[in-house]
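> Show me the folded form of this:
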Amino acid sequence: MAPSKNQDREARDRLRRYTARQQVHGTQVRRRRRDNIVAVAAGLVVVALVVGAQLLYFSNGPGAAGGSASDSPSASSSATASANTGDVPSSGIAADRTWTGELDLNADVKLGIELDGVKAPQAASVIIDLIEKGFYDGTTCHRMSNAESAKFIQCGSANGDGRGDAGFTFGPLENVPSDGLYPTGTVAMARGQDPNSQSTQFFITYGDTYLDASTGGYTVVGTVTSGLDQLTANITDKGLTPGNSETDGAPVVPTTITGARIQ
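Numbers count the residues shown, from 1 in each chain. Reported below is the predicted structural model:
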């Protein structure tokens, strides 16, 4: 028996309904797939941000016994370096010997310094070269920490705010204390997360300072031989303006390197 017109119409209607359902289903599937992809991507972004934040926090290394990540010397301008960059002064400048000199702060603080060209030839060569070229004259000591376990003042930023350098970054780390102790009067290189991110910035400890050795530590390039009493009386004892934390910020007394000599 030949199909009736009604049967043909019902078949066409069923086909249209089926096709419509398939289209709706396909749209729903695609939407769910898209939503799932977006959700997964968003999750990955969140995870990446969390991991990145943890790496940034722990890479700078908090000082022991009450310090924090912000109480660790860092040079933000060169935090991403992974190898020496730019025209790094030759490590031979230090000539495998001890260098003596003076660092003047605000004209009324005179720090006698020694640089160790034997244990830290690369870092010593950099500072010697920068001093001889007058790089540090007029730069500021932009940062200070007065935490119980991290007492230092950080200097040598070209821009005066923790950024800027002389156009180079260098490594390796040298003469790093294995126990994380930087005794009073230590002169050491500041750096970012990467060991090769050292540049022009350095810090001077005016009290025994403990920094997490598991982060790689900091190059001890020399010592202060005189004048720490002037530094504490005229600058650090005056306190700081909180920045990164209550114990980390700019010294209340604006501090400028007014002269530097080395021989």
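> Go through stretch 104-115 and flag the buried ones.
104-105, 109, 111, 113-115 (16 or more other Cβ atoms under 10 Å). C-beta: built from backbone N, CA, C; applies to glycine.
> Around the closest residue to T85 other than its chain neighbours, how many other residues sit close by?
Spatial nearest neighbour of T85, excluding adjacent residues (Cβ to Cβ, 6 or more residues apart in numbering): T169 at 4.9 Å. A total of 26 residues lie near T169 under the criterion other Cβ atoms under 10 Å.
> what do you get for the one 5 residues further on?
Residues within reach of E174, counting by other Cβ under 10 Å, total 19.
> Check whether it really touches K119, as I assumed.
Yes: counting by Cβ atoms under 8 Å, E174 touches K119, with 6.5 Å between them.
> which neighbours do those two share?
Shared contacts of E174 and K119, defined by Cβ atoms under 8 Å, 6 or more residues apart in numbering, are found at V220.
> could you pull out the helices for this structure?
5-60, 121-132, 228-234 (DSSP state H).
> For the shortest one, buried residues please.
Buried residues in helix 228-234, counting neighbours by 16+ other Cβ under 10 Å, are found at 228, 231-232, 234.
> Name the surrounding residues that touch that helix.
Residues contacting helix 228-234 (Cβ under 8 Å, 6+ apart): 105-106, 108-111, 153, 184-185, 204, 206, 224, 253.
> residues near the spatially closest residue to E102 that is not a sequence neighbour, how many?
Take E102 and drop its neighbours on the chain: the residue closest to it by Cβ to Cβ, 6+ apart is R261, 5.1 Å away. By the measure other Cβ under 10 Å, the count of residues near R261 is 12.
> can you check W99 too?
Per other Cβ under 10 Å, the neighbour tally for W99 reads 20.
> Now, the contacts of helix 228-234 that are in strands?
105, 109-111, 153, 204, 224 (DSSP state E).
> which residues sit in contact with T98?
Here T98 is in contact with 114-118 (Cβ under 8 Å, 6+ apart).
> An error on my part: the question was meant for R261.
Counting by Cβ under 8 Å, 6+ apart, R261 touches 101-102, 131.
> give me phi/psi at L211?
Backbone torsions of L211, given as degrees, to the nearest 10, read phi -120, psi 140.
> and it, how far is that from V252?
24 Å (Cβ to Cβ, to the nearest Å).
> Nearest the geometric middle of this protein, what residue?
The structure's the chain has its C-alpha centroid closest to G192; by Cα atoms, centre = their mean the separation is 3.1 Å.
> Hmm, that residue is touching A75, no?
Yes: at 5.4 Å, G192 counts as touching A75 under the criterion of Cβ under 8 Å.
> hang on, L130 packs against F168?
No: L130 is beyond contact range of F168, at 10.4 Å (criterion: Cβ under 8 Å).
> These two: who's more crowded?
L130 (22 against 17).
> how about low-confidence regions in the protein?
1-70, 76-82 (pLDDT under 70).
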